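Asker: sequence? don't have it. structure:
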C-alpha cells in the first residue's frame, strides 16, 4: 500500500469515527432529553427508578463487559504490571475531565434542551480553537473562521428574543 493510500484511509477512518460520534451523541442527547422531560409525568411504578439509577446500571454493565475483555486480551500484562500500569497523570486528568464533562452535560440537559447542549459544544470547539491559536500558535484558516461566524449567528438566532424587531426597526 502506498503512503498516499494509507493517509487517505486514515482520513476516512477519522471522518467516519467523527460522524459516528456526532450521530450517536445526537441520538443519545435527544433520547436523554425525552427521558428527563417524561419524568415530569411519572407514574407510581416508575417512581423508584430515576435516570441516574438507570445510568449507574448501564455503567456497571459496561464495566463488567470491558473488564472481561481486558482480562481476555491482556491477562498477562495485568497480572505482571497491575491494572493501572502506564496510567499517567495525563490519562487520569483526561478521565476526570470526561467525568466532569458528563456531569455538566447532565446538568445542562436537566435545565435546558439538546439544542442548547449542541450550541454549548460548538462554542467550546470555537473556544478551543481560539485558545489553541493564542497559546500554541496554531494557524486558523478561512474555513474555521466561517465556521465560527456560522456558530455565532446560529446561537444568536436561536436564543435571540425579538431579533426581527431589532433588525428591522419595528
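Answerer: Happy to help now that I have it. As the structure is a prediction and not an experimental result, all values here were calculated from the model. Residues are numbered from 1 along each chain as shown.

Asker: Quick check, pLDDT for residue 125.
Answerer: Residue 125 carries a pLDDT value of 80.

Asker: Rounded mean pLDDT for the longest helix seen in the chain, please.
Answerer: Across the chain, the helix with the greatest residue count (assigned by DSSP state H) is helix 3-38. Helix 3-38 shows a mean pLDDT of 75.

Asker: Show me what secondary structure element comes after that helix.
Answerer: Per DSSP states H and E, the first helix or strand lying C-terminal to helix 3-38 is helix 51-81.

Asker: Give me the packing partners of the helix or strand just after that next one, helices and strands only.
Answerer: Counting by DSSP H and E, the next helix or strand C-terminal to helix 51-81 is helix 89-111. Applying 3 or more C-beta pairs under 8 Å, 6 or more residues apart in numbering; DSSP states H and E, one finds that helix 89-111 contacts helix 3-38, helix 114-136. Placement of C-beta: from N, CA and C, glycine included.

Asker: Just send those back as TSV, with distance to residue 144 too.
Answerer: As requested, the helices and strands packed on helix 89-111 are exported to TSV (distance: least, C-beta to C-beta, whole Å):
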stretch	distance to residue 144
helix 3-38	15
helix 114-136	6
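
Asker: Check the ones you listed for me and report the most buried one.
Answerer: Per-stretch averages of neighbours, counted by mean count of other C-beta atoms under 10 Å, single out helix 114-136 among these, with a mean of 14.

Asker: Next secondary structure after that one?
Answerer: Sequence-wise, the next helix or strand downstream of helix 114-136 (DSSP H and E) is helix 142-159.

Asker: Next, give phi and psi for residue 140.
Answerer: The phi/psi pair for residue 140 (degrees, to the nearest 10) reads phi -110, psi 130.
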